[in-house]
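> After the sequence you'll find the predicted model.
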There are 6 protein chains.
Amino acid sequence: MTKAAETGTLMVVSAHAADFVWRAGGAIALYAQRGWRTRVLCLSFGERGESARLWQEGKTVEEIKVIRRAEAERAAAILGAEVRFLDAGDYPLDVTSELRDALVQEFRQYRPDIILTHSLQDPYNMDHPRTTQLVLESRILAQAHGYPSSYPVIGAPSVFLYEPHQPEQCGFRIDLLLDITPVFDKKRQAMECMEAQEHLWAYYTDVAKRRGVQAGRNSGQRVVYAEAYQRVYPSVGGEFL
Amino acid sequence: MTKAAETGTLMVVSAHAADFVWRAGGAIALYAQRGWRTRVLCLSFGERGESARLWQEGKTVEEIKVIRRAEAERAAAILGAEVRFLDAGDYPLDVTSELRDALVQEFRQYRPDIILTHSLQDPYNMDHPRTTQLVLESRILAQAHGYPSSYPVIGAPSVFLYEPHQPEQCGFRIDLLLDITPVFDKKRQAMECMEAQEHLWAYYTDVAKRRGVQAGRNSGQRVVYAEAYQRVYPSVGGEFL
Amino acid sequence: MTKAAETGTLMVVSAHAADFVWRAGGAIALYAQRGWRTRVLCLSFGERGESARLWQEGKTVEEIKVIRRAEAERAAAILGAEVRFLDAGDYPLDVTSELRDALVQEFRQYRPDIILTHSLQDPYNMDHPRTTQLVLESRILAQAHGYPSSYPVIGAPSVFLYEPHQPEQCGFRIDLLLDITPVFDKKRQAMECMEAQEHLWAYYTDVAKRRGVQAGRNSGQRVVYAEAYQRVYPSVGGEFL
Amino acid sequence: MTKAAETGTLMVVSAHAADFVWRAGGAIALYAQRGWRTRVLCLSFGERGESARLWQEGKTVEEIKVIRRAEAERAAAILGAEVRFLDAGDYPLDVTSELRDALVQEFRQYRPDIILTHSLQDPYNMDHPRTTQLVLESRILAQAHGYPSSYPVIGAPSVFLYEPHQPEQCGFRIDLLLDITPVFDKKRQAMECMEAQEHLWAYYTDVAKRRGVQAGRNSGQRVVYAEAYQRVYPSVGGEFL
Amino acid sequence: MTKAAETGTLMVVSAHAADFVWRAGGAIALYAQRGWRTRVLCLSFGERGESARLWQEGKTVEEIKVIRRAEAERAAAILGAEVRFLDAGDYPLDVTSELRDALVQEFRQYRPDIILTHSLQDPYNMDHPRTTQLVLESRILAQAHGYPSSYPVIGAPSVFLYEPHQPEQCGFRIDLLLDITPVFDKKRQAMECMEAQEHLWAYYTDVAKRRGVQAGRNSGQRVVYAEAYQRVYPSVGGEFL
Amino acid sequence: MTKAAETGTLMVVSAHAADFVWRAGGAIALYAQRGWRTRVLCLSFGERGESARLWQEGKTVEEIKVIRRAEAERAAAILGAEVRFLDAGDYPLDVTSELRDALVQEFRQYRPDIILTHSLQDPYNMDHPRTTQLVLESRILAQAHGYPSSYPVIGAPSVFLYEPHQPEQCGFRIDLLLDITPVFDKKRQAMECMEAQEHLWAYYTDVAKRRGVQAGRNSGQRVVYAEAYQRVYPSVGGEFL
């Protein structure tokens, strides 16, 4: 894994259009600020499952996709990320071999050093763990010499899982508290792009504060805002970090 | 946690005299080489439970302690570490409030940035998890303002658990594969100080090789020798490391 | 969740025709007696995997379905439940998007307050955990405003998992011991409708007795017969119940 | 377990003087308001481990005990609870057979219907899980006919564990989200009695809000403030609650 | 581990006088019948915690010990086992270094091939897991060359844990279903020696039947009565057994 | 399960052509030597995911299949096993109902007493756990009277899982250390048939040695080489083995 001082690529795979903002917005802004390429893949717009207010306002599914895309693009721009929408549908997100291949080709082409995605379990949202499994499998396929592609195989990018809405019900283990204090204002601005979900702005600000307090207790350092992550594969290196 | 480029203190708490060599010898050599202070606490000499050959040769417990101390001191010197023996007895290691206080005062006085110790479970060796619990509790007490001491409270040193003999039976989770390739020759030399346990030299060389192969698979980098560690508390910082 | 004194709807989703009798017959009878609507969905008749005697007697698959349906209907009538058969096939039960949609529409139309289904794991029966996953996902889809349906979205019905045949091998956790003493005679009568499985009548009577003894030990109350359940989502309310 | 409409006794066993306020203050106020007897046992004043500011101000251990006692008594009064201090010492809380007997006699004399205490694990605080083990064992002893006491044996009170500071690191499972909205103002007032820990007032208000949001998602009801609890023993009764 | 056809020693360590009958009576009778030495250690008589009826009848603790001893001796005789009572007290069973040494010397002197004891957890009975820990540690000490004893060190006897009263609450894993059909009549007779616990005769007959049915399902063989066991250490040998 | 002295059938289901050699080669040679029928099913040739060197040499997928088939056939012949290739594709291995039926018919026709396959989890290789699930389900279907087949239903063959490459990351539990010392030379010869993977010969020789050392520690017997296995279903029988 490339050290932060050097440049690299951070890729975020998000089941629905807004997930990357609430859950990994700080990480994206932090790495973008350091000069990394940051790239977000939204498998769907969250058009059916995470747009309750728009449905209540009588919008059609196509109108909702347009709105959700625009919000996600604004948020990504604020965070400093590219964004690609795969429009694979949500609630349910049905994983096809085409979608899997699209991810493999993404990993081959963009060659991320770090991949962020959802938790391994989530009894409140089946699209999330399905995305995680898809990411893990696509990463493995992208490592295989025999998998057909016009790009060469990749190495072994790190995979980190961002915090789900109800971590205790999702078997979520906190391996890393990422200090996002220097970029929290950007995360807040990006959250505010999600106009239909104003109640979540304060909610995820509070989450970041609580994780900040815990980061302080775990390190003895002063941290104001943090994001929690779980590692999938062991860390490798010459230091206890 | 202090970065490796800077200086700091690494403390290893080992139930028996030789544990630190087989399990954390690479880490000690690595940090000593970087200019860190490295300090080993041996709670006992392993005189009853881990000196079978010496008992079979008819040595007394006092003679065995002398031999084991000498071996451990030679090994520590090769690795670049100070060593202190608490002579608390083994098989069983009975934890007393005096022993606990000794650890608290050690942590207060030497102020480790990183602490290494045994696994949380070990159905083959009760002294090991008992040591781990003792370390975790003593670290907490050393953080408490009201705990009596002539030294000030400490911050929040990281705690890493080194690999037990049979990791799958000990619920051991690998969070970090530490690349010890640059110092492996020192670890080997230190292992060879344990003259009564020659069969373990090859055994732990093989373990280091296997962990090295796995480190390669998890990072895409070339690693020849590694040691496996489990984290107790989440990592805190500004990078995905 | 509606209190027992009020009326409501209890829905049971059973992979095979007879599962609901052995595993949740007491719960159904109890709620039916209180005036709740109780509705059972049998995804299959258990025609291939759970009708060994009928196959040994040389019956065809269509004859077996007729027999199993008749038994299940008699049992449901005794318990006081409606029953619907989805005839989706068993051994293996292959989950299709049509079957999933059928469940979503059921949840939307009948609006259960409580849903009962199988355990999360079962290494002896793959149809069972597959049904559980299907139920959990369909419930989530029924909550989504954008999921197409002529019925409005539902709230958050409780989900309880009934006891599998070998609970220790299925990771089954007991969160609730439901006292079915007042209705046990109905459960016994319903079990006796399963003529081809007479050996199970005594078996599940013994299970109910054992769970009754345990209910007594856990509450200090006298309970003769009980059924064990695992919760999927936290309970919410103003009491420690 | 007695239903909320009836009267009963709720007992809270808290390792340190303030734990019951942050973690179970809502439950206490809720049950006190319903006419239950609510009784808090503080095993220590938290004088060494949880009074950093007072030590920094140069207070002696005896002065700190007086201050902490006074705060806890004010908080208990606001919540409507009796409070007893066992002054068993903290950091470390060393469990003696005298302390264990004191708890057994308390359970025999006051005969709680519900007992609240700490989580089963806590790698940040050894006094907490030690208290939990002590409570579980004392409850069992209080049930034994042969345990010497001038009070008769007890039945089987429910035991619920309140939320630790870092639930994901403590293996904490949420079984119940208790709606404390009607009494949250009392919990807030009680928290404000802890003058030396002003930074925690906002922190635990945020925790209660987040648990409230989650309670809403798990029930479909509107809940503003909640406390999270884990059950130790299965619930027993005639309803899916 | 010695094969059944050969002779050997089976040792059962039971916290209270009657535990070995309900939980391991079949195993004892089976091995006794094969000509093995079978030896039971009762750490206590269960005089305080498991003799409710005798206390209700107004017996003194010394009278109860006499009665419980007599019952256990009769049961052991029927099963074909020797029995030794250590009279260490129960509820609570407080583990002392004398008791630990007594077990080490027992293991050294009698050199069991197989050891049976309680489960690793039991939230209903703290004496049980405490006994298990004591057995595991004493077995390790008995293997240590430096542990003082007039008997030589032992090898590596297998350890199996018998089924607790509420296995799902005790984290009990079933690794072996032991077919006790040929000796079940002896187990029943031995259970009937426990005159004060008549309600348990039928209960544990039902448990044995249920485990027998499950043994049949797991092997395709006909088994009428079985006992369930968990392994502590991996099996070693030249066959998949 | 048939005892080793008698004859029987051992079946190994391997996702890729070489898995059975590294992971279960000792078991196959051991049982073949005893006169058992040993039969290997390779679901794929590992042509895409486990043939990096051949791809780097510019071979086509069809050429690679030919090479991998030839190697696997040579290895199987050395071990004494029949081998069948199902050519279902790898990376990803997509499970179809045809493949599932092929396994059911295999189990019905060859009637294995023991089945060996992969671990339940493997975050480095999705084909492995998918194979395990397929094997478990096909075995259940083969037991069902109503599943269409020209062969009769089977009983309850044991299922053992062989060790994955990184056991600690795969939740692998060691239930059995199989002593393969008498046949290790055959396993080594079979491994040497895998010419493109020379680096693994030493690696898996070291694994066998380490498992041999651990087998010694767990049994007190001398074992040089061993293979580790996890049980899926409880063992059933009249002995503690």
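That came through, no problem. Residues are numbered from 1 along each chain as shown, chains lettered A, B, ... in the order given.

> In contact with the closest residue in space to residue A:131 that isn't next to it in sequence, which residues?
Nearest residue to residue A:131, sequence neighbours excluded (Cβ to Cβ, 6 or more residues apart in numbering or on different chains): residue A:15, at 4.2 Å. Where you see a C-beta, it was placed from the backbone N, CA and C, and this is true even at glycine. Applying Cβ atoms under 8 Å, 6 or more residues apart in numbering or on different chains to residue A:15 gives the contacts A:42, A:43, A:44, A:46, A:90, A:93, A:118, A:125, A:127, A:128, A:130, A:131.

> Phi and psi next, for residue A:15.
In terms of degrees, to the nearest 10, the main-chain angles of residue A:15 are phi -60, psi -40.

> average pLDDT across the strand or helix carrying residue A:28?
Secondary-structure element containing residue A:28, defined by DSSP states H and E: helix A:19-33. Model confidence over helix A:19-33, given as mean pLDDT, is 98.

> now that helix, how far from the chain's geometric center?
What separates the centre of helix A:19-33 from the centre of its chain is 8 Å, taken as Cα atoms, centre = their mean, to the nearest Å.

> CA-only coordinates of that helix, as PDB, when you get a sec.
As requested, the backbone C-alpha atoms of helix A:19-33 are provided in PDB (Å, rounded to 0.1, in the frame of the first residue of the first chain):
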ATOM      1  CA  ASP A  19     -23.600   6.100   0.500                       C
ATOM      2  CA  PHE A  20     -20.100   7.400  -0.300                       C
ATOM      3  CA  VAL A  21     -20.900  10.800   1.200                       C
ATOM      4  CA  TRP A  22     -22.200   9.800   4.600                       C
ATOM      5  CA  ARG A  23     -19.800   6.900   5.100                       C
ATOM      6  CA  ALA A  24     -16.500   7.800   3.400                       C
ATOM      7  CA  GLY A  25     -16.800  11.500   2.500                       C
ATOM      8  CA  GLY A  26     -14.000  12.400   4.900                       C
ATOM      9  CA  ALA A  27     -11.600   9.700   3.500                       C
ATOM     10  CA  ILE A  28     -12.200  10.900   0.000                       C
ATOM     11  CA  ALA A  29     -11.600  14.600   0.800                       C
ATOM     12  CA  LEU A  30      -8.500  13.700   2.800                       C
ATOM     13  CA  TYR A  31      -6.900  11.700   0.000                       C
ATOM     14  CA  ALA A  32      -8.000  14.100  -2.700                       C
ATOM     15  CA  GLN A  33      -6.400  16.900  -0.800                       C
END
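
> quick one, strands of chain A?
Across chain A, reading from the start of the chain, the strands by DSSP state E fall at A:9-14, A:37-42, A:82-85, A:114-117, A:158-162, A:176-179, A:226-231, A:235-237.

> Do I have it right that residue A:134 meets residue A:100?
Yes - with contacts defined as Cβ atoms under 8 Å, residue A:134 counts as touching residue A:100 at a distance of 6.2 Å.

> Comparing the two, which shows the higher neighbour count?
Each of residue A:134 and residue A:100 has its neighbours counted (other Cβ atoms under 10 Å in any protein chain shown); residue A:134 has more, 23 against 17.

> Quick one: mean pLDDT over the lengthiest helix in chain A.
For chain A, the helix reaching the highest residue count under DSSP state H is reported as helix A:198-219. In this model, helix A:198-219 has an average pLDDT of 95.

> Report the inter-axis angle for it versus strand A:226-231.
When axes from the mean of the first three to the mean of the last three Cα atoms, to 10 degrees is applied, the directions of helix A:198-219 and strand A:226-231 differ by 70 degrees.

> still on that earlier bit, report the angle between the helix holding residue A:28 and strand A:9-14.
If you take the same axes, to 10 degrees, helix A:19-33 sits at 170 degrees to strand A:9-14.

> so does helix A:19-33 get close to chain B?
Yes - with Cβ under 8 Å from any Cβ of the partner chain as the threshold, helix A:19-33 lies in contact with chain B, specifically through A:27, A:30.

> Go through stretch A:94-102 and flag the buried ones.
Of the residues in stretch A:94-102, A:95, A:99, A:100, A:102 count as buried by neighbour count, 16 or more other Cβ atoms under 10 Å in any protein chain shown.

> same question but for stretch A:141-157, I mixed them up
By neighbour count on 16+ other Cβ under 10 Å, the buried set for stretch A:141-157 is A:141, A:142, A:143, A:144, A:145, A:146, A:147, A:149, A:153, A:154, A:156, A:157.

> Widest-spaced pair of the residues you listed?
Taking Cβ to Cβ as the measure, those span a maximum distance of 19.5 Å, between A:146 and A:157.

> Does residue A:103 touch residue A:88 like I think?
No - in this structure residue A:103 lies outside contact range of residue A:88 using Cβ under 8 Å: 10.2 Å.

> what about these two, which has more around it?
Under the neighbour definition other Cβ under 10 Å, residue A:103 and residue A:88 were set side by side, and residue A:103 has more, 24 against 20.
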